[in-house]
Structures are given as structure tokens and as C-alpha cells.
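*Asks:* Whatever this is, show me its structure:
(2 chains)
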2 protein chains.
Amino acid sequence: MNRRSFLQAAGGLAASRLWGQAKRRPNFIFILADDLGWGDLGCYGNRSIKTPSLDRMAKQGTLFTQFYVNNPVCSPSRTAFMTSHFPAHHRIHGHLATPEMNEKRGMPNFLDPKVTTVAHLLQKAGYRTAHFGKWHLGSGPGAPTPAEYGFDEHKTVNSNGNTFSEKDPYFRAKSTGLLVDETLRFIEQSKDKPFYVNLWTLVPHAILNPTEEQMQVYARLTPGGGIPHKGALQIYYSSVTNLDQEIGRLLKRLDEMGLADNTLVAFSSDNGPEDIHILNASHSAAGSPGPFRGRKRSLYEGGVRVPFIVRLPGQVPAGRVESRAVVTGVDWLPSICRLAGVQVPADVKPQGEDMSDTWLGASRERTKPIFWEWRFNIAGYNVNRSPMLSIRHGRWKLLMNPDRSRVELFDIPQDPMELNNLADKNPKVVSDLSAKLLEWHKSLPLGPVDASAGKNDYPWPK
Amino acid sequence: MNRRSFLQAAGGLAASRLWGQAKRRPNFIFILADDLGWGDLGCYGNRSIKTPSLDRMAKQGTLFTQFYVNNPVCSPSRTAFMTSHFPAHHRIHGHLATPEMNEKRGMPNFLDPKVTTVAHLLQKAGYRTAHFGKWHLGSGPGAPTPAEYGFDEHKTVNSNGNTFSEKDPYFRAKSTGLLVDETLRFIEQSKDKPFYVNLWTLVPHAILNPTEEQMQVYARLTPGGGIPHKGALQIYYSSVTNLDQEIGRLLKRLDEMGLADNTLVAFSSDNGPEDIHILNASHSAAGSPGPFRGRKRSLYEGGVRVPFIVRLPGQVPAGRVESRAVVTGVDWLPSICRLAGVQVPADVKPQGEDMSDTWLGASRERTKPIFWEWRFNIAGYNVNRSPMLSIRHGRWKLLMNPDRSRVELFDIPQDPMELNNLADKNPKVVSDLSAKLLEWHKSLPLGPVDASAGKNDYPWPK
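*Replies:* Down below sits the predicted model:
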């Protein structure tokens, strides 16, 4: 089947029937990096960090330029991938922390395991399912293990259940390798069934401590002259390059195992790059949001727009850059289910959209808007501090506060840097989008909001 | 003389006559930090870096919120302070480097010593003059020593003549202390005459290597868990705090020597904070441009707007924040001459303006525009990459390229972050200011321009 006829088939038939005919349902490996920016990969324009494996994966598959996570930090962004729901609906507004801190922010201690996840659905449909690496959907007293969310196997951090020891100060530096090892072991033991693996890395989230060997390639980026301090660029770049190498090893083994052509591998990140002003993130200013304004915690593009690469040789077009389709975290569950031939039950009520046709080669606009809320402070420079609410619909992105202050409208394809506020020129667009956005906001459970949320004041000298 | 009557006197009489009557001409100490951002001091809104001495100095004197250097990097910015000329007129467009690199960029190897400097004028008027610290107005074969620029004494780096040894890897960490020592020694030996001292620090320019003792106060900013790498925040903040402590020591000794009331002390910086993407500047993302867009090399505010604090107890109003007057580097020479009672010779042709009345308590707008040119690449994030030319006149700042591309007009008092481009709404302002700016640009000596100058493109995936 050539590409055109495949696309016609994908367009004309239910994917379930298509995969059923072929008697092979695809496997899935979802690699989710932690705090990696849109601009941190060579294939996304980075000219300093070496990421040959992911660049090759993009050449073998399709790279999306307009992929968004549904929150600019970890736990809520992950919730969206798992549930197809905007995370604020489950009151997961920020990172899951101590019970005291969660309560203070009006958050539960873990994602309700009764909420249907993509793993639940695939497990029920006969897939072998596993989660390796960062969890961050709840841990500590009373929190379920990943098993309750639909995973046959798990070995995780920020979690309960089967966890990694983090005692070695180089654990994080070596962790991607360990996760790839687990994934390959799991795959070898799952030959009788299709499989779904979340491989959620710990890197390049702070604290980074790459080994001397990992840092060799960037030795020139540390100051000379007998200065003892390693450079932030060297620390960060080495970490990303090790992540890339380990993903390269995984892809190579898939080839060797004869699984490449039947295993969809996706790569993304949970949010934009970290800000240096966060305690312990002293190297993280080296992370790149690409051309975008904003970093982690910001609703500007740099906080929520991240890499998204999909590879499935022979089915996902190779070497394609898809710049039209806007795809987002809540689309993951319906898209995966479609490709796996799994019907999404009506009670799941996905808030995203099946965008799998765009993975398979279609170029189209999405039909549903994307909504964001951020109710806390935003660390770092004023230009990155966004309003509290945001909506992307068509070419437009509107940012505003719930009290209708700071209304900013950007034409994203024309102005991806979000510097040219067109609100005054487009009152009708503002009126329509703000109505949608505030209606969505009203539908969310209420909770505490930081006094500085949505503000970009500066303590001017007086 | 109380403040009001002093101000009346300053407004009504030539300052020369005023000082002459009092039979004491003021001494001057000009402390110029290197790569320190507008937002790096507590008194400029920083909530993390401890700078009690400079905060106290601001309380004892006047803090300007709208002070600009005349170029976003070192050598040209320093040229402007020394000569009262926009540095491009002397073809000093960037940092003075090797002869090969200077030639490639159409630059001389040093500032022409025939150009009259503020030190020449004060020396001729009977002042004892000295320059301690960073020079960076030319060094190497054929370059004059600071003596030829009007300094009776000098001990410098980036210079010829009497230089510091930089062999100790902690030299930079200790350098501000050494400069304060030199300054105090010089002052003690200059009792018979008024004095003028440039105390131009090496800190917080990269490479920073603070001592363990200096870093103690920020120990909490380095990651725990057995990680060996010092945090960038700890390295940078410690360096600024040491700078502050040494300035505190200088001010205390001036008090003890009975010189405080007759010594004008000014503090500023040569440009905005460095960008982390410069080799060896691995900690420099910790430097703060305050609320502004842009860092070093950018013509946006963060690159050229820097601290300016003036203290002269009894004459410069204490605890005053001056937010109206726009003051700039080329104003230094005429303002100092005025306060010293020195007539600026006609052939000097200052391109700045005597703004000393605003130091002494007046609040007024300047009459002359300020012009900037930057003809090289700009490192770092796209949002910081400005057009090549800029003019500030009244409330307006216009940025554009010589080919009239990227025309951006900002109302700076209303929009200090430079996010709201008002060019479309104000065609007359754009027309007037662009004419002035291009006319100025035409008056400059021609020279090589980087292909990427004035651009903010990004290598988008294709």
C-alpha cells in the first residue's frame, strides 16, 4: 500500500477496521521528556545542542510545529495526556506536592483513579501496558500505584508502587538509560500482545548532574582559566544529548527486533523550559523555548508549545513537517484509541479531538478550541508573565484575566512571538473568544488563586 | 544653604561660580560596573540579590530610572562617557578585540587619544585624575596608555601601561577590593587638589569565580543532594554582593576621611546583563534587566538602560527617585564639567547635554535625542533581538533597520517593556523620528555590518 492509498484508506475506513484487516494493531511508545523546550532539538532549529537521534526520528516520521500541552507545568500536563480532559476539571492546577501544599492550592493529592485513562482503555482492549519513569500524578499516603490507572507494569519516580531508588547522585544522569532498559525488557516479554508504553523521562528537569563522560562533548562550553565551576550550557546540553542517545538506542533495538514498522513512537515534552530563578534550576536557563516568548509556568507559547514527533514507518509520512494542524495533549487519548481500533466510551467525554489523521498525513485545522488556566505566580522575567487564562482557536490566541484585564490577542501563525497585540483591531474576535474562554473558566471547580496570578507588575523604585 | 535655596542658586548661577564662591570644587568618583543589569540592585527592585551599600547610597542620593548607556556593549559605551560623543562617530562599534577582529569589523584598535576626554579637561583644570580597573578603550601594540587620555595615575586591565596581574584564578573575585584600595590610596595622596577617579569594576562580567567565602551568603541557591555544581544564581549574586560590599567600604572611608560632603559618587553600568549563550558566560542568565525586554547587545531597554545613582550629600537631594529626566552616557562630560566649573571647549562638540541640574534636584525632559546603532548579531532569544538603529526622543523610542524594515515605536513611560508597537497609530511620529535617525546614521563612518544584524529570524523546521 503506497502512501496515497493508505491515506485514502485511513480517510475512508474506520482505523479499527483498517488495523483489523491487517491483523496487527500498532504498538505505542510515548516518550515524554520533562521541561524540554520547543527549541531544544536540532530538528526544531537548535544550532548548539546535538540531538542526532531525535533529528533522525523526525526525518523518519512527522514533526509538528504547533503542538501544545494543556498546562505549563508537569502534573496537569500529564493529566491531560492520560485523560483527554483539561486538567483543571480534575483540580490538578499545578505540580502534585505535599498534602499541605496541595490543600493550600485547592488540589487533590492524586488523579482520581476512577477517571478513565488511555491505559485503562488499551489494557481493556487487550494491550499490554506499562509506565516507566516519571509519574507525578500523585504519590504518598493514600495515592494509588500506576497499576490502578491501567498499567500492567510500572517502575517509576514521583509515585507509589514499584519505584526506582534515587540515592545515587548520578541517578538522574543515568535514568533515561534505565528507562530504555525497562522498556526493552517489557517489550521482549510482551510478544504475544500489542503493547503501550509510557516512557516518561526525568531529564532535562532540574536538578541535573550529568556524569563527566556525558559532559565531554560540551567541554568547550565551560569557562577556562582554572575556573572550577561547570558551565550551565555544558550541564544542560549534555543532559539533553544523553537523552537523545538513549532514545537512539531504543529506536535501533526496535529495528533489530523487527518491531519498528508496527510501533508508533511519539516524542514530546510536558511543558516549556524551566526558568533559572527556580531554586535548584541553576542551569535551566540554557533550555530553549525556540523563538517564543515565555518559559515554564507561562501561557505564552514558550510555556506550552513543545516538540511533537511521531514515527511509524510506512504509515506516518517520513520527513514531513506539519505546520498547519494544531494538536494538543487532550487529543492523545482519542487519537491513540483510533489508531488502536479502540472505541472511546461515551462516558469518557474527551475534551480533545481525534487528530490521528494529521499524524497519518492529513493537513487540516482542528475543530475544537484549546483552553488554559494558570492560577499561580510566574517566576522570572516580566515579558514571560502571562495573564491567567488563554484560548487558542483557529489562528487566534487570546490571553486575559478572569476580570477581563490584560486582554491580548495574537495571530499565532503570523506572530508566533506574541508581540503584536491585535485586540484593539479585532473587537469581534475578542468578544467571541473571551466569551468562550470565560464560559469555560466558569465550568471549572473553584479554588485558591495567587494574589500575583495574571499580573506582570514590577517593584519600580519610588 | 537648604535644598531649595541651593537649587535656586544652581538654577540661577553658573555652577562654576557657585563652586568658586564656596572655594571648594567637588571631587568625583565614577564607579562603573561591567555587565550589571538595571534590575540587579535592591534599590532597582531586585528581591533576591543583597546590595545594602548601593541601596543606602541611593537613599543618600538620587536614583535615576531612565538612564541609558550609548551602546549595548563595553568599549563603545565607555567611549561615550569619556568623550561625550556617540561611539560610532569614532568607529567604536563593539568591544575592542584583536587587531584582526577589529579590522574585520571596521574598528580602530583604540580610541584616538587626540579626542578630548573628561579626564583631559579636568586634569587641565587642576584636578588630580586617575583610572582604576577595566579600561577597554584599546590595548596591545601601539595603543596608548590611559595616561595619554588625561589620567595622572592608572592601574588597569584590558589596557596598556600599569596593569594588574590576572594570574590568580580568584583575581576577578578580589578585584573590586583591589580597586577600592587603589582609589583610597590615590585620594589620600591627592589632598592638595580636587580629584576625579574612574573606578571601573571587572565584576559582574563573565568569567565569574567568587571565592567560597563570598558565596556563603547564597549557599541555599546551589542544588543539594550531593550535586557538585555551583548554581549560576549563587555565582552571580555572590559577585554582585561582593561588589556592593566593597563600594560600601569605599563610602565608609570617604565619611571617615571627611570627604563625603565634597565628593560626588556616581554608580552605573556599561550595558545590560550578559546572555547565557555567550561562551564562558554560563552564570550570566542570573543577571536581571528588570522589567525590560533585551539584554547585552540589544537596543531594547534591557540592553542599554542601566542603573544610575548619584550621591553628594547636601547638594544632590537625598532619597529622590528621578523618573522623568532621561539621562545618558554622552551627558557625563558636560555635566561633570559644569559641576567642576570647567568650560567645555567649543571644539569638543559634545553630543550629549549638561543634565547636572537634574542631578541637583531639577526634574525636566532632555532636549537632545539619543541615538544608537548596533551592527552585529545579537546572541540569545529572539524577543531580545532588536533592529539595528534606535532613537529616544521625548516619550518615544523608535527602532528600525537602515532599510526601513522592522519599524517599532514604543511609548516608553507607558510601555517600558516595549511590547506595544504603536508605529501604525502614529505615522507622523514615525516619519519625524525615522528621518532624524536615518540622518544621524548617514553621518556615521561606514563599515562592515553582520548579515544577521537587525534581524530576528528563526530557523524554523521545514
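
*Asks:* how about the strands in chain A?
*Replies:* A:27-33, A:62-64, A:67-68, A:128-134, A:153-157, A:195-200, A:263-269, A:308-311, A:320-322, A:327-328, A:370-373, A:389-393, A:396-400, A:408-411 (DSSP state E).

*Asks:* Mind putting these into JSON lines with mean neighbour count, distance to residue B:228 and mean pLDDT?
*Replies:* Bear in mind the C-beta positions are built from the backbone N, C-alpha and C, glycine included. Formatted as JSON lines, the strands of chain A follow (neighbours: other CB atoms under 10 Å in any protein chain shown; distance: least, CB to CB, whole Å; pLDDT from 0 to 100):
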{"stretch": "strand A:27-33", "mean neighbour count": "24", "distance to residue B:228": "24", "mean pLDDT": "98"}
{"stretch": "strand A:62-64", "mean neighbour count": "25", "distance to residue B:228": "36", "mean pLDDT": "98"}
{"stretch": "strand A:67-68", "mean neighbour count": "26", "distance to residue B:228": "36", "mean pLDDT": "98"}
{"stretch": "strand A:128-134", "mean neighbour count": "27", "distance to residue B:228": "24", "mean pLDDT": "98"}
{"stretch": "strand A:153-157", "mean neighbour count": "22", "distance to residue B:228": "22", "mean pLDDT": "97"}
{"stretch": "strand A:195-200", "mean neighbour count": "27", "distance to residue B:228": "27", "mean pLDDT": "98"}
{"stretch": "strand A:263-269", "mean neighbour count": "24", "distance to residue B:228": "27", "mean pLDDT": "98"}
{"stretch": "strand A:308-311", "mean neighbour count": "25", "distance to residue B:228": "33", "mean pLDDT": "98"}
{"stretch": "strand A:320-322", "mean neighbour count": "18", "distance to residue B:228": "40", "mean pLDDT": "98"}
{"stretch": "strand A:327-328", "mean neighbour count": "26", "distance to residue B:228": "39", "mean pLDDT": "98"}
{"stretch": "strand A:370-373", "mean neighbour count": "25", "distance to residue B:228": "38", "mean pLDDT": "98"}
{"stretch": "strand A:389-393", "mean neighbour count": "23", "distance to residue B:228": "40", "mean pLDDT": "98"}
{"stretch": "strand A:396-400", "mean neighbour count": "24", "distance to residue B:228": "41", "mean pLDDT": "98"}
{"stretch": "strand A:408-411", "mean neighbour count": "21", "distance to residue B:228": "43", "mean pLDDT": "98"}
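
*Asks:* Is it possible to get CSV of those strands that adds distance to residue B:101?
*Replies:* Below are those laid out as CSV (distance: least, CB to CB, whole Å):
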stretch, distance to residue B:101
strand A:27-33, 39
strand A:62-64, 38
strand A:67-68, 42
strand A:128-134, 46
strand A:153-157, 48
strand A:195-200, 47
strand A:263-269, 39
strand A:308-311, 40
strand A:320-322, 38
strand A:327-328, 46
strand A:370-373, 47
strand A:389-393, 45
strand A:396-400, 43
strand A:408-411, 40
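
*Asks:* Grab the nearest non-local neighbour of the closest residue to chain B within the stretch 1-150 of chain A.
*Replies:* At 4.2 Å from chain B, residue A:45 is the closest residue in the stretch 1-150 of chain A, using CB to the nearest CB. Take residue A:45 and drop its neighbours on the chain: the residue closest to it by CB to CB, 6 or more residues apart in numbering or on different chains is residue B:459, 4.2 Å away.

*Asks:* if I look at that neighbour, how far off is residue A:301?
*Replies:* Look at residue B:459 and residue A:301: by CB to CB, to the nearest Å, they are 17 Å apart.

*Asks:* swap in residue A:356?
*Replies:* 24 Å.

*Asks:* the more surrounded of the two?
*Replies:* residue A:301 (27 against 22; other CB atoms under 10 Å in any protein chain shown).

*Asks:* Pretty sure that one sits against residue A:415.
*Replies:* No: assessed by CB atoms under 8 Å, residue A:301 is found out of contact with residue A:415, at 10.0 Å.
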